[in-house]
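1. Next one to model:
(2 chains)
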Amino acid sequence: MSVELLNFIETVLNGLMSGVMYSLVALGFVLIFKASGVFNFAQGVFALFAALTLVGYQTGQVPFAHLINELFGTNYHNWYASMPNFLAILLTMVTMIALAWIIERLVLKHLVNQDPIILFMATIGLAFALEGVGDLMWGSDVKVLDVGIPSGGSIWLEEATIGLAAEGSDYYGMYVDVLNIWATVIAVILVVSLALFSQYTKTGRALRAVADDHQAALSVGISLRSIWILVWAISGFIAMVAGIMWGTESGVQFSLSLIALKALPVLILGGFTSIPGAIIGGLLIGVGEKLAEIYIGGYFETGALENWFAYVMALVFLLFRPQGLFGDKIIERV
Amino acid sequence: MSLEDLKKIPYGKTAIELKNISLAFGGVKALTDVSFDVKKGEVFAIIGPNGAGKSSMLNVINGFYKPTSGTINFAGTDRNEMEPELAAKSGIARTFQNIALFKGMSTLDNLMTGRLLKQKQNFIMQALYFGPVAKEEEEHRERVERVIDFLDLQSIRRTPVGSLPYGLQKRVELGRALAMEPEILLLDEPMAGMNVEEKQDMSRFVLTVNNELKTTIVLIEHDMGVVMDISDRIVVLDYGKKIGSGLPKEIRNNKAVIDAYLGVSDD
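-> The predicted structure is shown next:
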């Protein structure tokens, strides 16, 4: 094999793996959109909030420490005890479920049957409010997140591929981050178990029913509100997984919520209502981005192609298939 | 009010009583001062010309619409309005005029949603698919298979219902309602858009359910032949008002009803 081909494969591989993360965030969007018709702008902040909370629990930070100290003149910052990863993740999950419940109570319940644009605006408000709460609870400094997922280049893959290049060429093997491999494995497990759950259990069936037809769901006695809480909690859980992965890679910082906006072009590509669409869309964007970066990135002076290329892909795509790859077909009735 | 209260009522006694129900959307009066009662175990028909408020009435009974005034007495308890969830829990199942099925799901899954309220396993047990979950699924699957047999749906068990022809979709919708094992079944034009043969099938299903399961049936239908054949009692609405009620043969000779359907002559 030529070195060029090997480089190409490496790029695609890395693209697929970063695409998995986009898919995960997009999946959170799609789930909520299907079940409650809300485009949840706050999905990225969910990921940030989950990561912040996880680090907070793990390192034994006192939540709202700054506020408490200001109000009462105390000086708490730390419980002086850290928590095992397992427990911290479990508690973060509980927190995300509580968050879903609070959102249903405070926001969604009062906006039932409003225009989609109003619900959308509400989630924008929610996004910034939640960012504020995250800041208030855990502080705004950049934090290191380590839940024991290994990172760094995969030595196994490097050694396995080093001999593939043609004799005498200067090839060092493929570089793939182990963290990304882990992220992919976890994402696959997550998606498969979600699919099984929704296919074979009664709650899964209720979930699909609500996504399909609200009125019919009500008539068989499904409680829309409890399904909404469930869906928001699942999305919170997915956001937590994404938050852990991104947080491990580049530290838990508030810009994390912006990366999540990469899910928008993914949704345009995959369609807002399709779960396979979200997954494949994410992978396509991931690969497209990496390929563009390597092969045409050199022509751009700033070199920040990765920041906007996904959006260009999405725009081009809109011209040909406005409903996305797997989205419901748009039929205009006259 | 509950399913138990409804079950305790003897056959032939009042199950639901609607008292002076009015319903308005802004300035539009959909129902004005309508009263009638449905007796347990009967086939009760609501008829009337287009726009008479028949579907609105059904929606009031199962809680999709909240009446502007009036009371609903359900199994002995007075209420101002119903809730869809509560109605379902209390044994009321329904079908819709414009079929409301879960189009992306198979016939089997659609029918299984009718079992949701009867399945008791909690969320965490299901997530782990642990313990009695599989057994419970099987049990309810068996009940659903009986409905499938009854309605002759075997061949489309796995087909996504969105791709089925209209008549079959109507039948699947009835199946979903039957899977709930309701005490009261509300049918909104179950035979609309069907050919004669399909109508005969549907009438047979409705009558069998009524005779053998003793399910109370409240029915909206346009086909007068069918209505006169299968209903025990009829109420007639026109422009949101009740203009007549009684046995089929009384309705057939009711002057106001004939006028509403055929128009009033000048002389």
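2. Spell out which parts of the stretch 101-250 of chain A neighbour chain B.
-> Residues of the stretch 101-250 of chain A lying close to chain B by C-beta under 8 Å from any C-beta of the partner chain are A:197, A:200-206, A:208-209, A:212-213, A:215-223, A:230. Where you see a C-beta, it was placed from the backbone N, CA and C, and this is true even at glycine.
3. which of the residues you listed are buried?
-> A:197, A:201-206, A:208-209, A:212-213, A:216-223, A:230 (16 or more other C-beta atoms under 10 Å in any protein chain shown).
4. Could you pull up the residues touching residue 39?
-> Chain wasn't specified; assuming chain A. Counting by C-beta atoms under 8 Å, 6 or more residues apart in numbering or on different chains, A:Phe39 touches A:29, A:32-33, A:116, A:119-120, A:123, A:272.
5. other chain: chain B
-> By C-beta under 8 Å, 6+ apart, the contact list for B:Lys39 reads B:11-15, B:216, B:232-233.
6. Swap in 10 Å and give it another go.
-> Contact analysis of B:Lys39 by C-beta atoms under 10 Å, 6 or more residues apart in numbering or on different chains lists B:9-17, B:216, B:232-233.
7. Also A:Ile279?
-> Here A:Ile279 is in contact with A:19-20, A:22-24, A:26-27, A:30, A:187-188, A:191, A:266, A:270, A:326 (C-beta under 10 Å, 6+ apart).
8. Please convert the buried members of those residues into PyMOL selection syntax.
-> Buried residues within those, by 16+ other C-beta under 10 Å, are selected in PyMOL with:
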select buried, chain A and resi 19+20+22+23+24+26+27+30+187+191+266+270+326
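9. can I get the contacts of A:Ile279 in JSON lines with secondary structure?
-> Shown next, in JSON lines, are those (DSSP: H, G, I helix; E, B strand; the rest coil):
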{"residue": "A:Gly19", "secondary structure": "helix"}
{"residue": "A:Val20", "secondary structure": "helix"}
{"residue": "A:Tyr22", "secondary structure": "helix"}
{"residue": "A:Ser23", "secondary structure": "helix"}
{"residue": "A:Leu24", "secondary structure": "helix"}
{"residue": "A:Ala26", "secondary structure": "helix"}
{"residue": "A:Leu27", "secondary structure": "helix"}
{"residue": "A:Val30", "secondary structure": "helix"}
{"residue": "A:Ala187", "secondary structure": "helix"}
{"residue": "A:Val188", "secondary structure": "helix"}
{"residue": "A:Val191", "secondary structure": "helix"}
{"residue": "A:Val266", "secondary structure": "helix"}
{"residue": "A:Gly270", "secondary structure": "helix"}
{"residue": "A:Phe326", "secondary structure": "coil"}
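10. quick one: which of the contacts of A:Ile279 is nearest to chain B?
-> Closest to chain B out of the contacts of A:Ile279 is A:Phe326 (12.2 Å), distances taken as C-beta to the nearest C-beta.
11. quick one: pLDDT of the closest one?
-> At A:Phe326, the pLDDT value in this model is 75.
12. who's in contact with it?
-> A:269-281.
13. Repeat the analysis, applying 7 Å as the threshold.
-> For A:Phe326, the contact set (C-beta atoms under 7 Å, 6 or more residues apart in numbering or on different chains) comprises A:270-271, A:274, A:276-277.
14. Please identify which pair of the residues you listed lies farthest apart.
-> A:Gly271 and A:Pro276 (9.2 Å; C-beta to C-beta).
15. returning to what we had before: in TSV: the contacts of A:Phe326, plus secondary structure and distance to A:Gly247.
-> Listed next are the contacts of A:Phe326 as TSV, based on DSSP: H, G, I helix; E, B strand; the rest coil; distance: C-beta to C-beta, whole Å:
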residue	secondary structure	distance to A:Gly247
A:Gly270	helix	25
A:Gly271	coil	29
A:Ser274	coil	28
A:Pro276	helix	27
A:Gly277	helix	26
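16. ok, those vs B:Gly225, which is closest?
-> Closest to B:Gly225 out of these is A:Ser274 (45.6 Å), distances taken as C-beta to C-beta.
17. For the closest one, give me phi and psi.
-> Dihedral pair for A:Ser274: phi -120, psi 120, per degrees, to the nearest 10.
18. With A:Trp101 instead?
-> phi -60, psi -40.
19. Also B:Leu187?
-> Backbone torsions of B:Leu187, given as degrees, to the nearest 10, read phi -120, psi 120.
20. rewinding a little: quick check: of the contacts of A:Ile279, which lies closest to A:Ile68?
-> A:Leu24 (34.2 Å).
21. Next, the contact list for the closest one, please.
-> A:187, A:238, A:241-242.
22. mind redoing it with 8 Å?
-> A:187, A:190, A:238, A:241-242, A:245, A:282.
23. Does B:Phe74 touch B:Leu86 like I think?
-> No. The pair B:Phe74 / B:Leu86 is not scored as a contact, 9.2 Å apart, by C-beta atoms under 8 Å.
24. Those two: who's more crowded?
-> Ranked by neighbour count (other C-beta atoms under 10 Å in any protein chain shown), B:Phe74 and B:Leu86 place B:Phe74 first, with 24 against 17.
25. For A:Gly277, give its distance to A:Phe33.
-> 11 Å (C-beta to C-beta, to the nearest Å).
26. Revised request: answer the last question for B:Asn59.
-> 27 Å.
27. Next: B:Thr113.
-> Taken as C-beta to C-beta, the span from B:Thr113 to A:Phe33 is 21 Å.
28. of the two, who's got more company?
-> Set B:Thr113 next to A:Phe33 and count neighbours by other C-beta under 10 Å: B:Thr113 wins out with 28 against 21.
29. what residues are up against the more buried one?
-> A:205-206, A:209, A:217, A:220, A:222, B:102, B:105, B:176, B:179.
30. on that earlier part again, pick out whichever of the contacts of A:Phe326 sits closest to A:Ala304.
-> So of the contacts of A:Phe326, ranked by how close each gets to A:Ala304 (C-beta to C-beta), first place is A:Gly270, at 24.4 Å.
31. Please convert the contacts of A:Leu24 to a markdown table, extending it with secondary structure and pLDDT.
-> A markdown table is the format used below for these (DSSP: H, G, I helix; E, B strand; the rest coil; pLDDT from 0 to 100):
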| residue | secondary structure | pLDDT |
| --- | --- | --- |
| A:Ala187 | helix | 89 |
| A:Leu190 | helix | 90 |
| A:Ile238 | helix | 91 |
| A:Val241 | helix | 92 |
| A:Ala242 | helix | 89 |
| A:Met245 | helix | 88 |
| A:Gly282 | helix | 92 |
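32. Compare A:Gly271 and A:Pro276 and say which is more crowded by neighbours.
-> Set A:Gly271 next to A:Pro276 and count neighbours by other C-beta under 10 Å: A:Gly271 wins out with 23 against 14.
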